[in-house]
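[1] Build the 3D model from these lines:
(chains A and B)
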Amino acid sequence: MKEITRQEEIFNVLKTVDDPELPSVSVYDLGMVHDVRIDGNSVEIKMVPTFAGCPALEFIEMNVKKAVEELAWVRACQVKFTMEIQWSTDAITDKGKEELKKHGIAPPPENFRPGDEWTVNCPYCNSDYTSMENIFGPTACRSILYCMACRNPFEAMKPVVQPLNTNY
Amino acid sequence: MERGEEKMSNIIETPEQAKQDATYYQALRELLLQLADDDLLISFRGSEWLGLAPHIEEDVAYSSITQNTMGHAVMYYNLLEELGEGRADILAHDRQPDERRNGCYLEKRNGEGMYLEEPYYDWALAVVRNYFYETCKKIKLEAIANSSYQPLAHVARKVLMEHPYHLAHWKLWMKQLQSSTDEAKKRMQTRIDEAWVEFADVLELGNLATDMRKHRLVTISEEEIKDKWLDEVKTILVDLPEGPVGKKYGSGRNGEHTDDLKQALDILAEVYNSDKAAAW
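    Model prediction:
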């Protein structure tokens, strides 16, 4: 019983650690937390990296470790990135999607399959009268768009999903 | 024989397991170095384009691709580090040219001049090189997504999810420039013809290719990689060069390289070499 409470405590902390490049969106809501193991006063957190080339990963590792170690009962927290499972934009929680919008970033499409048409609604006015300016953006995970309706430039998180017809 | 076959179908999950068979380990090490060095060199050449791409949005796109590709190199160097081959930073910065395993075409200079002064770089080379490379990379990633070395298979599956954006970008440039002005067409064809006689070792797996295949580190042969690549580029190239794809400068897979590699490494490792003991 005690273990479950501690596990919940850790998850509550992880919901407060934001991605440094997406303030207000926690690593938990981005779907980056894979596994939390508690052994006495030691905590091991397995995380899933978003984009491989993301320079924020090292900061995320540091920030998670620091935040968890602030819990009185935690003596040491180890953060490991695992490749055993592959992150996809489907892992972002509903809360994460809402927070992205507040940050001016349209969330990734749901149930996207490779080859699907990607339509993006403006995170400010929700219009679908938008145009893609650049599929690449300020970070690997984002694209740059423009809303013809409310005349705002905005960004969108691009869908990252498993390719079709894989045999693994 | 039966025993051997059983062994081949084994999944290797940890570095410790990989070390139990010397030929397996050697083939794995070579493959990882090839994958890491290819991504390192193409992204180094990409980084030299920063601020110089044809327009501002292309600068954003190309540097994003380059940064991500460097991230892919890091994942392979990390796998080597886990195998006990030394720290990832040192593997990237501090190996001699003859220890490098990247294909020779990937080390080629971007054009005349230097990025700090008078960079007369050739965009046609950037487009052809990146398109040829990303096409090859997809085929290889698919061939290692079911690799017997599980940690490598996981990395391949990860990269395959990001890679479609890279490939689509260069494919679009290929199509557009090949149907553009006469000058564009001519410059593209010159670089395509040049690549045709230099690109072969990028497609190859070097001296240990047979072992890599035998141990199911890769699930298709070198010949199949080449065939698949040819089938794919044929759909994009307007004017297919004649003859087989060559390797004019030898095989980078076996440590043969041009002076351009040394030039690249000198710049890449300039800061590292200035104080190897510094803590960053």
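
[2] CA only for contacts and neighbour counts going forward, please
    Noted.

[3] To what extent is A:T139 buried, counted in neighbours?
    Using other CA atoms under 10 Å in any protein chain shown as the criterion, A:T139 is surrounded by 21 other residues.

[4] Torsion angles phi and psi at it?
    Phi and psi for A:T139, reported as degrees, to the nearest 10, are phi -130, psi 160.

[5] now do B:T190
    phi -60, psi -40.

[6] can you pull the pLDDT of it?
    According to the prediction, B:T190 has pLDDT 98.

[7] and the stretch of helix or strand B:E194 belongs to, what other elements does it pack with?
    Using DSSP states H and E, B:E194 falls within helix B:182-196. When contacts are defined as 3 or more CA pairs under 8 Å, 6 or more residues apart in numbering or on different chains; DSSP states H and E, helix B:182-196 sits against helix B:123-144, helix B:150-178.

[8] Point out the most buried one among these.
    helix B:123-144 (a mean of 22; mean count of other CA atoms under 10 Å in any protein chain shown).

[9] Centre of the chain to that one, how far?
    8 Å (CA atoms, centre = their mean, to the nearest Å).

[10] and the angle from it to helix B:182-196?
    Inter-element angle recorded for helix B:123-144 and helix B:182-196: 40 degrees (by axes from the mean of the first three to the mean of the last three CA atoms, to 10 degrees).

[11] In which helix or strand does A:V43 reside?
    Counting by DSSP H and E, A:V43 is part of strand A:42-47.

[12] Partner strands of that strand, with direction?
    strand A:33-39 (antiparallel), strand A:76-81 (parallel) (DSSP bridges).

[13] a markdown table for the ones you listed, including mean neighbour count and distance to B:V202?
    Output for the strands paired with strand A:42-47, formatted as a markdown table (neighbours: other CA atoms under 10 Å in any protein chain shown; distance: least, CA to CA, whole Å):
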| stretch | mean neighbour count | distance to B:V202 |
| --- | --- | --- |
| strand A:33-39 | 15 | 36 |
| strand A:76-81 | 17 | 30 |
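
[14] In JSON lines, list the ones you listed along with mean pLDDT.
    JSON lines is the format used below for these (pLDDT from 0 to 100):
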{"stretch": "strand A:33-39", "mean pLDDT": "96"}
{"stretch": "strand A:76-81", "mean pLDDT": "96"}
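
[15] Need those strands in JSON lines (columns: distance to B:D201).
    Shown next, in JSON lines, are those (distance: least, CA to CA, whole Å):
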{"stretch": "strand A:33-39", "distance to B:D201": "39"}
{"stretch": "strand A:76-81", "distance to B:D201": "33"}
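
[16] Run the chain-centre distance for the strand holding A:V43.
    18 Å.

[17] now what about it, what contacts it?
    Outside strand A:42-47, the residues that touch it by CA atoms under 8 Å, 6 or more residues apart in numbering or on different chains are A:32-38, A:74-82.

[18] Nearest to chain B among these?
    A:T82 (9.2 Å; CA to the nearest CA).

[19] How many residues are close by that closest one?
    19.

[20] Now do the same for it: its pLDDT.
    pLDDT at A:T82 comes out at 92.

[21] Might you report the residue contacts of the residue nearest to it when sequence neighbours are not counted?
    Computed as CA to CA, 6 or more residues apart in numbering or on different chains, the closest residue to A:T82 that is not its neighbour in sequence is A:V48, at 5.5 Å. Going by CA under 8 Å, 6+ apart, A:V48 touches A:31-34, A:81-83, A:85-87.

[22] and chain A, which residues reach chain B?
    A:51-54, A:83-87, A:134-140, A:160-163, A:168 (CA under 8 Å from any CA of the partner chain).

[23] In strands only, show me those.
    Under the assignment DSSP state E, the residues of chain A next to chain B contribute A:N134 to strands.

[24] Is it possible to mark the buried ones in the residues of chain A next to chain B?
    A:51-54, A:83, A:86-87, A:134-137, A:139-140, A:160-162 (16 or more other CA atoms under 10 Å in any protein chain shown).

[25] Among those, which one sits closest to chain B?
    Nearest member of these to chain B, counting by CA to the nearest CA, is A:G53, at 3.7 Å.

[26] Which residues does the lowest-mean-pLDDT helix or strand in chain A contact?
    Across the helices and strands of chain A, mean pLDDT, DSSP states H and E gives its lowest value to helix A:2-14, namely a mean of 87. With CA under 8 Å, 6+ apart as the test, helix A:2-14 has contacts from A:26-28, A:36-38, A:64, A:67-68.

[27] Including distance to B:A279, could the residues you listed go into CSV?
    Rendered in CSV, the data for the contacts of helix A:2-14 read as follows (distance: CA to CA, whole Å):
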residue, distance to B:A279
A:S26, 30
A:V27, 28
A:Y28, 31
A:V36, 31
A:R37, 31
A:I38, 32
A:V64, 23
A:A67, 25
A:V68, 26
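
[28] Where does the prediction get shaky in chain A?
    Within chain A, the stretches with pLDDT under 70 are A:1-3.

[29] Repeat the analysis, applying 80 as the threshold.
    A:1-4, A:53 (pLDDT under 80).

[30] before we move on, what about chain B?
    For chain B (pLDDT under 80), the answer is B:1-9, B:279-280.
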